[in-house]
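*Asks:* sequence first, then the predicted structure:
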Amino acid sequence: MKVIGINGSARKGWNTQSLVMKALDGAASMGAETELINLYSEPLKGCLECFACKRKGNKTGGICAIRDNMRPILEKAHEADAVIVGSPNFFGYPSAMTRAFIERFLYPLSSYMMKDGQHVRLLGDRVIPAGMIFTMNADPKSYEMMNYQATLGATTANLQYVLGYAEQYNSYMTLQFKDYSAMNANMFDGDQRVYRHETQFPIDERKCFEMGRRLVAKAKELNQ
């Protein structure tokens, strides 16, 4: 089996990438071959609304027709048995590059066709289990107060709708800076964030590891 990890953070080696890599480690522990892709390694574009994937008789095969730097990433995601996507929470939404990936991955696979009152799934009976990992400054109370469960949850819901299965994990109050005293950020207690990173982040990593294992198990279960 092949599992693709998508890091939608511009910061390599920090919270988001660390959790995606732990999820990939979990998938690998189930025997899957894994690959990490950093979206910010090169400029990428979102959907251009060419609608090539919606034209009658199109031969896109459910992959975005635009042949640019995103195309190899989309091909790998389309062929994967499971996909893990990580993104920071930017004002209640995924990062720009994560959004670009989601648009161009899901839209060509999203059908406008109906049959017997049901949407036609372009994947047929195939399911690509997806894991969505969000990292954020927000604590659980602020997450709820700002209605992030609706805005961030919409991404996970769309993955569920198009790919057939999705789950979400939130890592709250992450360590954003190495030295908070050097930043205009006195609303945060830097020492508290460091302590939380040392105590809570390993728990987040374990939970993402288990997510990776579950996604492989789901792929095997749902695509027998």
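*Replies:* The structure has been received and is ready for your questions.

*Asks:* and the helices in the chain, which stretches?
*Replies:* 15-29, 71-79, 96-106, 140-145, 148-163, 190-199, 201-222 (DSSP state H).

*Asks:* minimum distance to A52: which of those helices has it?
*Replies:* A52 lies closest, by C-beta to C-beta, to one member of the helices of the chain: helix 96-106, at 11.6 Å. Backbone N, C-alpha and C define where each C-beta goes, glycine included.

*Asks:* helices and strands around the closest one, which ones?
*Replies:* helix 71-79, strand 82-88, helix 148-163 (3 or more C-beta pairs under 8 Å, 6 or more residues apart in numbering; DSSP states H and E).

*Asks:* in that helix, what's buried?
*Replies:* A96, M97, T98, R99, A100, F101, I102, E103, R104, F105, L106 (16 or more other C-beta atoms under 10 Å).

*Asks:* quick one: low-confidence parts of this structure?
*Replies:* For the chain, applying pLDDT under 70 flags no range at all.

*Asks:* quick one, what contacts the residue most central in space within the chain?
*Replies:* Most central in the chain under C-alpha atoms, centre = their mean is V85, positioned 2.0 Å from the mean C-alpha point. Contacts for V85 were tallied using C-beta atoms under 8 Å, 6 or more residues apart in numbering; they are G5, I6, G8, V20, T98, F101, I102, A130, G131, M132, I133, L159.

*Asks:* over to L74?
*Replies:* Shown in contact with L74 (C-beta under 8 Å, 6+ apart): I63, C64, F101, R104, F105.

*Asks:* in this structure the fourth one contacts C64, no?
*Replies:* When you say that, I think you mean R104. Yes: the pair R104 and C64 passes the contact test of C-beta atoms under 8 Å, sitting 4.4 Å apart.

*Asks:* pairing partners for K2 in the sheet, please.
*Replies:* Beta-bridge partners recorded for K2 (DSSP bridges): E33.
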